[in-house]
Structures are given as C-alpha cells and as structure tokens.
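Student: attaching a predicted model along with its sequence, questions to come.
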Amino acid sequence: MKKSNVTTLLFLLILSSCLLAQDFSGSYILQDYSPAVTLKLFQDDNGNVTGVMNLDGDDYDIEAQQEENELNGFINDFGDLIKFSGAFVDENLQLTIFDPEAAPNEYGDNAEIWVFQRQGEETASIKNENEEVIINGITLTDEQVSELEEMYSAKPLPGNYWYDTNSGLYGVVGYAAYGFMFAGHEFGELDSNASNGDAGVFVNGRQLPQIEWAVWSQLLGYIIQPGRYWLDENGNAGYEGNPIPTENLYAAAQRNSYGGSVGGGDNIWSTRFGAGNYDSNNQRGYVSVPGYGPVGYGF
C-alpha cells in the first residue's frame with residue numbers, strides 16, 4: 001500500500017471518529033419546568049466540557065469529559081460534587097444526576113433524569129413560556145411586570161401565582177399563602193382551588209389547605225370552623241355576607257402571644273408557632289410563621 005493511501009486512510013478514520021463523537025457545546029433549557037433552568041456548555045477539541053447551570057438564580061459550575069457519545073462529570077453544588085452523566089436522546093440532552101440526598105427512585109438508586117432542549121429558534125416559545133409571570137391564569141404583559149417592579153422595587157420572578165385582590169395575599173398555584181402584596185391589583189378572578197385546599201375553610205373564595213388553616217388557627221387562638229369568610233387588607237375578618245368584622249388577624253396574633261413588648265413604635269411578639277412585629281398604630285408589621293417566613297403588611 002502506498003504511503004499516500006495510508007495517509008488518506010488514517011485521515012478518514014480520524015474524521016469518521018470525530019463525526020461519531022458528540023459535541024455538547026451549546027445553550028439548553030430544562031423542559032416542563034418553571035421558573036426556567038438553563039444550561040450552557042463549552043467543549044474543547046480534547047473533549048473537555050465546562051459550563052454553568054442556573055437554577056433558581058444560583059449558578060452551578062460543571063466539569064465533564066466527553067467519551068464517545070456520552071458525557072460524564074460533576075456539578076459543583078457549593079463545594080459538594082454531584083456526579084452526572086449525559087447523552088442525546090431524540091435530539092434532547094438527557095442528564096442523569098446522582099444526588100445522594102435525593103429519595104431513591106423505582107430502581108433503588110438516587111438518580112434523577114433531567115431533559116434539556118437545545119436553545120434556538122425552535123425553542124424560543126419554550127423559553128418565553130418559562131419566563132412568563134402568570135397571576136390567576138393571566139399572563140402579565142411587559143408593562144404590567146415593569147409596573148410591579150417599580151411598585152415593589154423588585155422584579156417578579158417567572159412563575160404561576162394566585163392572588164387575592166381583597167386581602168393582598170398571594171402564593172404559588174397549588175400551595176398555601178406565601179405573603180402579602182398590596183390589595184387592589186386587577187389580576188383576574190381568584191380560583192377557589194388555587195391552593196389545592198381541603199380544609200373546608202374558604203377565605204375570599206379560596207379554600208385553605210390544611211397547613212394554612214392550622215397556622216391561622218394557631219394565630220387566632222382557636223380552631224377555625226368550616227365555612228366561608230372574608231379578609232381585608234387591614235387584617236379584619238368576618239363571615240361572608242356580613243360586613244361586620246369579628247376578628248383582626250394582627251390583633252389576635254398579639255393577643256395570643258407571649259413576651260410581647262409594649263410602647264414606642266416596636267411591638268415584638270412571639271409564640272411557639274410564630275412571631276411578628278408591628279408599629280404603634282398597627283399600620284405596618286409582619287407575621288413570621290413556620291414554613292412561610294415573614295408575611296408583611298402595610299409596606
């Protein structure tokens with residue numbers, strides 16, 4: 001065999017091996033997840049892959065090695081190295097993440113499978129959907145998002161939320177109340193099942209889940225009986241159909257607390273179940289409850 005033919009054969013073998021090897025470089029977005037999880041990877045000529053995964057606003061460094069059609073490496077979780085492997089399946093990048101803190105799956109291991117789609121024109125609609133702010137089923141316009149950012153000095157995170165215009169309470173769809181916004185925003189009608197409630201207690205039309213019902217019962221100092229109630233932005237509450245309030249949430253929380261200070265503009269109170277603070281006129285303050293954090297009002 002002539003030398004030129006040998007050289008040509010070697011070149012073709014090298015070229016074919018390069019064509020068979022996957023190039024993992026690119027930008028990706030996690031499918032069917034909100035808010036968006038993005039992944040950016042860069043692969044050099046030696047198959048070394050570096051990148052960053054952005055999850056809930058935090059960046060996680062990635063180092064891996066391309067081995068034929070598979071990617072193997074680690075995600076740096078603030079010093080903890082989490083092993084993963086990856087491969088293209090139906091043009092999507094499928095990562096198998098081995099998290100020792102995750103619950104075992106049906107196969108008895110701690111692997112989670114995340115499917116990423118490479119970003120481009122074909123994924124623009126997915127990216128836009130995952131960046132949307134949805135409240136009571138209505139997708140906010142850029143103008144509405146800007147108005148909220150100006151009002152609250154913080155841009156709302158993408159997600160699917162419920163909002164009670166009468167009290168200002170809000171939360172993520174499917175979950176209990178997370179906190180208070182200003183009342184009066186027009187974001188459509190609040191769904192009675194917005195929090196997947198099951199307590200038989202309705203507040204401004206929304207059925208409370210058991211955990212939220214228990215928290216409000218502890219703050220009030222008695223078990224809230226099944227029924228329909230209203231709650232306004234000042235913490236006043238009563239029976240639906242009767243405008244006369246029977247309780248004030250913030251006054252009840254202070255009444256049923258221990259160790260509260262009095263006088264001045266600082267009134268700190270705490271119990272086994274929560275804590276809070278309010279000013280001398282009870283115009284501004286917060287209630288901090290387990291699992292929720294601070295729930296402010298009047299700001």
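Tutor: Thanks, I have the structure now.

Student: ramachandran angles for Asn136?
Tutor: Asn136 adopts backbone torsions of phi 50, psi 40, taken as degrees, to the nearest 10.

Student: do I have it right that it meets Tyr170?
Tutor: No: no contact is recorded between Asn136 and Tyr170 when judged using CB atoms under 8 Å, the distance being 9.7 Å. (Each C-beta comes from the backbone N, C-alpha and C, glycine too.)

Student: show me the contacts for the residue lying closest to Gly241 once chain neighbours are set aside.
Tutor: Sequence neighbours aside, Arg228 is the residue nearest to Gly241 in space, at 7.9 Å (criterion: CB to CB, 6 or more residues apart in numbering). The neighbourhood of Arg228, defined by CB atoms under 8 Å, 6 or more residues apart in numbering, consists of 202, 205, 239-241.

Student: pairing partners for the helix or strand hosting Trp230, with directions?
Tutor: For Trp230, the enclosing helix or strand under DSSP states H and E is strand 227-231. Sheet neighbours of strand 227-231, with direction, are listed as strand 201-203 (parallel), strand 236-239 (antiparallel) (DSSP bridges).

Student: so which of these is the most surrounded?
Tutor: strand 201-203 (a mean of 22; mean count of other CB atoms under 10 Å).

Student: so for that strand, what's the average pLDDT?
Tutor: Model confidence over strand 201-203 averages 95 on the pLDDT scale.

Student: which element follows it toward the C-terminus?
Tutor: Counting by DSSP H and E, the element after strand 201-203 in chain order, helix or strand, is strand 206-207.

Student: and the following helix or strand past that following strand, what does it pack onto?
Tutor: Past strand 206-207, further along toward the C-terminus, the next helix or strand under DSSP H and E is helix 210-220. With contacts defined as 3 or more CB pairs under 8 Å, 6 or more residues apart in numbering; DSSP states H and E, the secondary structure elements packing on helix 210-220 are helix 249-255, strand 285-289.
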